[in-house]
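Novice: Following is a predicted model, sequence given first.
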Amino acid sequence: MKGPRVLSPRDKSKLFRKFVSDPLSFSEKDLALYVQNARLDPRVAEAVTEHIRDFWWKYRAETLNKKLLRQPWPQAIKPMINQIIEFCDGDEITAKEFKAWSRGVIRGFGNSPPQLYFVPHVWPRSKSFDREFVDSLPSFSRCGYFAKDLLFNKGKARSIKGPPLNQAPALDIEIKLKLQLIKDIQGYLAHFSTSQIMSKTGIDRTTLSKIRLGRLNQLSLKRLARFSEVLAKAYEDG
């Protein structure tokens, strides 16, 4: 596969201004392209990572996943996501929503073959490539990449932002409902043995494990609602 479309210096200047002045104007296709260009310029990497941290909720995970899979380096977004999860604080609900969204975005990507995150012949990140390998952060190396710096301006991670109430997309509403149902179900699980739960609800061990681990993207809202209703009745019946 050929490389991504490379942003010109003029394109980058426009991009940086637009990230500040009109951050809600980008599409999933736009973001997929900018993620690719992050490997060609650390400044773009920082700007894109911070944009994802603040406006991830705007993008449909499934759509972004498809757009990234059409690019040569879909895995380039994984270190960004890893660093947001690892270094950015935030309230519990927003953090869980971001993790659920992230799993949908990177589904099917796998890891990159071992290589420097920043393409060296385009933008040497440091005078010694050895340092990039030796001092590489886990957020990169877990994905197959090597780089030693945080992808935030001046290394300041800040907080993950959730959507304003008047701009929350349907996906976020569904995630909130799933989170509440899982919380309810987990409360009931403490009162029954695994065999009792499976017998009363018909939940198999794999699904039960997904519920306990909170894997929202692998559980349908309809099934969670049914399990919650059955467990609530079993609890009331004693």
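Specialist: Perfect, thanks for sending it.

Novice: Strands of the protein, residue ranges please.
Specialist: All strands of the chain, identified by DSSP state E, fall at 115-116, 145-146.

Novice: for the first one, packing partners?
Specialist: Using 3 or more C-beta pairs under 8 Å, 6 or more residues apart in numbering; DSSP states H and E as the contact definition, the elements that strand 115-116 packs against are helix 129-134, strand 145-146. Where C-beta positions appear, they are placed from N, C-alpha and C, glycine not excepted.

Novice: what's the most buried one of those?
Specialist: Burial of these is given as mean neighbour count (mean count of other C-beta atoms under 10 Å); strand 145-146 ranks first at a mean of 24.

Novice: Partner strands of it and their direction?
Specialist: Here strand 145-146 is paired, per DSSP bridges, with strand 115-116 (parallel).

Novice: other SSEs contacting the biggest helix by length in the chain?
Specialist: The helix that spans the most residues within the chain, counting by DSSP state H, is helix 170-189. Judged by 3+ C-beta pairs under 8 Å, 6+ apart, helix 170-189 is in contact with helix 92-105, helix 205-213, helix 221-237.

Novice: how much space between the residue nearest to the spatial centre of the chain and Thr207?
Specialist: Among the residues of the chain, the one closest to the centroid is Ser102, at 2.1 Å (C-alpha atoms, centre = their mean). In this view, Ser102 and Thr207 are 21 Å apart by C-beta to C-beta, to the nearest Å.

Novice: how many other residues sit next to the nearest residue to Ile77 once chain neighbours are set aside?
Specialist: Spatially, and ignoring its direct neighbours in sequence, Ile77 is nearest to Val35 (4.8 Å; C-beta to C-beta, 6 or more residues apart in numbering). The number of residues packed near Val35 is 27, by other C-beta atoms under 10 Å.

Novice: 12 is where my numbering starts, stick with that
Specialist: Sure, I'll start counting at 12 from here, so that last one is Val46.

Novice: Can you name the residues that contact Val46?
Specialist: Val59, Leu79, Gln82, Trp84, Ala87, Ile88, Met91 (C-beta atoms under 8 Å, 6 or more residues apart in numbering).
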